[in-house]
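Participant: Give me the fold of what follows.
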Amino acid sequence: MDAFFASVEQRDNPALQKRPVVVGGKPDSRGVVAAASYEARQYGIHSAMPCSQAYRKCPQAVFVKPRFSAYREVSQQIHAIFAQYTDLIEPLSLDEAYLDVTENKVNNPSATRIAQAIRQQIKQKTGLTASAGVSYNKFIAKIASDINKPDGIKVVLPEEGEAFVAQLSIGRFYGVGQATERKMRALGIENGAHLKEKSLDFLLQNFGKAGSFYYQIARGLDKREVNAFRERKSLGSETTFINDLSDMDELLKQMSSLAKEVSDDLLKKKIKGKTITLKVKYDDFVQVTRSKTIERKINDYDTIYSLCRMLLMKTDAGQRKVRLLGISLSSFAEPSQGAGVENLVMQQLELDLLHTNKPRAPL
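Facilitator: Coordinates of the predicted model:
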């Protein structure tokens with residue numbers, strides 16, 4: 001979907017149309033941008049940017065609080081459209097998914113025509129626009145989906161894949177984060193062609209196991225299948241404080257609140273895990289994590305809080321001011337029963353955005 005959250009807000013409120021819209025926290029908060037309309041993007045605003053920075057870039061922007069119920073409703077509508085064509089659907093988020101239409105329910109041999117039909121139905125059903133990438137593997141289809149946004153489609157045929165990847169800036173590679181991009185550029189890798197020049201041994205030496213993946217995609221290869229039943233990897237909550245905290249009692253109160261939120265969500269979804277992770281971001285933006293894996297599976301508040309309290313003592317919290325706390329549980333034995341992967345993705349994204357964008361005042 002194109003600028004999904006912001007587009008929903010513009011659709012539902014005509015006064016926001018053709019205006020720079022930022023969905024996320026307030027401009028004077030420590031919240032982050034969850035989505036920006038294309039009008040706001042012209043000012044350099046993008047998702048995950050601090051709202052205060054977004055305001056400085058565009059003081060006339062309209063800041064809107066997220067409405068997850070509205071986004072879920074549209075997400076369910078578009079996923080229902082996907083399901084008319086195939087059952088091989090791998091959701092990436094509320095508004096994005098991989099679809100394998102090699103064999104499909106409408107017996108249409110053209111993936112391009114199926115993508116066009118889906119985009120047309122989404123427009124008719126929701127009033128919103130979607131863009132599509134059509135190709136022979138997940139990596140190229142994902143990148144292609146961004147090429148002609150908004151409201152566009154990009155097709156990359158098998159014989160075009162290697163050349164398509166070769167001309168891509170390394171920063172456009174899906175799966176290459178900012179830190180990896182900086183490292184690649186330092187090694188003289190500026191685009192796909194440069195990446196292809198590197199040997200497998202060189203990439204493994206510099207990037208570990210990911211080096212094999214980089215070696216393959218530089219050649220337009222990606223053998224990953226569309227997986228309709230991905231298991232949830234972790235569940236958690238985090239919050240950025242209105243004011244940096246250094247008092248340990250206040251930090252423990254905040255951590256207690258987070259532990260309760262995580263436990264309630266785990267109990268609701270009937271999920272248990274073995275590994276608890278505490279994230280601490282200090283006032284200078286340096287971030288550390290501390291983890292503990294135990295023998296039994298847990299989801300209760302008392303155990304989560306006790307483990308996190310122990311982990312907090314292994315950080316410099318209290319000696320250094322803390323900007324953010326986060327708690328997550330992982331190492332799940334099995335996916336929750338009775339919940340489809342689509343619901344898991346939607347619930348996780350809502351939880352992540354809700355707690356990332358919700359500044360918490362000291363209690």
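
Participant: For the rest of this, base every contact and every neighbour count on C-alpha atoms.
Facilitator: Will do.

Participant: What is the longest helix seen in the chain packed up against?
Facilitator: Counting residues, the longest helix in the chain under DSSP state H turns out to be helix 248-269. Secondary-structure packing of helix 248-269 (3 or more C-alpha pairs under 8 Å, 6 or more residues apart in numbering; DSSP states H and E): strand 234-245, helix 301-312, strand 322-332.

Participant: least reliable of those going by mean pLDDT?
Facilitator: Comparing mean pLDDT across the helices and strands packed on helix 248-269, the weakest is strand 234-245, with a mean of 88.

Participant: What are the buried residues along that one?
Facilitator: Residues 234-245 are the ones in strand 234-245 that count as buried (16 or more other C-alpha atoms under 10 Å).

Participant: which one among those residues gets closest to residue 223?
Facilitator: residue 234 (24.8 Å; C-alpha to C-alpha).

Participant: How about the contacts made by that closest one?
Facilitator: Residue 234 makes contacts with 328-332, as judged by C-alpha atoms under 8 Å, 6 or more residues apart in numbering.

Participant: ok, what's across the strand from it?
Facilitator: residue 330 (DSSP bridges).

Participant: what does the one 4 residues further on give?
Facilitator: According to DSSP bridges, residue 326 are recorded as the beta-bridge partners of residue 238.

Participant: I figured it was touching residue 280, is that so?
Facilitator: No: with contacts defined as C-alpha atoms under 8 Å, residue 238 does not count as touching residue 280, sitting 9.5 Å away.

Participant: list residues touching both of the two?
Facilitator: Common neighbours of residue 238 and residue 280 are listed as 324-326 (criterion: C-alpha under 8 Å, 6+ apart).

Participant: ok, of those, which come out buried?
Facilitator: The neighbour count (16+ other C-alpha under 10 Å) marks 324-326 as buried among the shared contacts of residue 238 and residue 280.

Participant: Make a markdown table out of those residues and add distance to residue 260.
Facilitator: Shown next, in a markdown table, are these (distance: C-alpha to C-alpha, whole Å):
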| residue | distance to residue 260 |
| --- | --- |
| 324 | 17 |
| 325 | 14 |
| 326 | 12 |
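
Participant: Specify which member of those residues is nearest to residue 164.
Facilitator: Using C-alpha to C-alpha, those come closest to residue 164 at residue 326, 39.3 Å.

Participant: Show the contacting residues for the closest one.
Facilitator: Applying C-alpha under 8 Å, 6+ apart, the residues near residue 326 are 236-239, 258, 278-280.

Participant: what secondary structure does the residue nearest to residue 220 when sequence neighbours are not counted sit in?
Facilitator: Counting by C-alpha to C-alpha, 6 or more residues apart in numbering, the nearest residue to residue 220 once its immediate chain neighbours are dropped is residue 162, at 4.6 Å. Counting by DSSP: H, G, I helix; E, B strand; the rest coil, the backbone at residue 162 sits in helix.

Participant: Could you tell me which residues make contact with residue 162?
Facilitator: By C-alpha under 8 Å, 6+ apart, the neighbours of residue 162 are 218-220.

Participant: Check residue 138 too.
Facilitator: Counting by C-alpha under 8 Å, 6+ apart, residue 138 has contacts 98, 222, 224-226.

Participant: Can you say which of these are buried?
Facilitator: Neighbour counting with 16+ other C-alpha under 10 Å marks 98, 222, 226 as buried within the contacts of residue 138.

Participant: Quick check: can you list the domain ranges of this structure?
Facilitator: With domains defined by automatic domain parsing, the chain comprises 4-66, 234-356.

Participant: what about residue 319, how many neighbours?
Facilitator: 10 (other C-alpha atoms under 10 Å).

Participant: Just give the nearest non-adjacent residue to it, would you?
Facilitator: Nearest one to residue 319, counting by C-alpha to C-alpha, 6+ apart, is residue 246 at 6.8 Å.

Participant: just checking, residue 279 is part of a helix?
Facilitator: No: according to three-state DSSP, residue 279 belongs to no helix; its state is strand.

Participant: Residue 261 is in contact with residue 237, isn't it?
Facilitator: Yes: judged on C-alpha under 8 Å, residue 261 makes contact with residue 237 at a distance of 7.2 Å.

Participant: Which strand or helix spans residue 11?
Facilitator: Per DSSP states H and E, residue 11 falls inside helix 4-12.

Participant: Remind me what that helix packs against, helices and strands.
Facilitator: By 3+ C-alpha pairs under 8 Å, 6+ apart, helix 4-12 packs against strand 21-24, strand 33-36, helix 68-83.

Participant: Same list (those) but as TSV, adding mean pLDDT, mean neighbour count and distance to residue 213.
Facilitator: Compiled in TSV, these are given as follows (pLDDT from 0 to 100; neighbours: other C-alpha atoms under 10 Å; distance: least, C-alpha to C-alpha, whole Å):
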stretch	mean pLDDT	mean neighbour count	distance to residue 213
strand 21-24	96	29	34
strand 33-36	94	27	29
helix 68-83	95	17	28
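
Participant: can you list the ones you listed in a markdown table and add distance to residue 103?
Facilitator: A markdown table is the format used below for these (distance: least, C-alpha to C-alpha, whole Å):
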| stretch | distance to residue 103 |
| --- | --- |
| strand 21-24 | 38 |
| strand 33-36 | 34 |
| helix 68-83 | 13 |
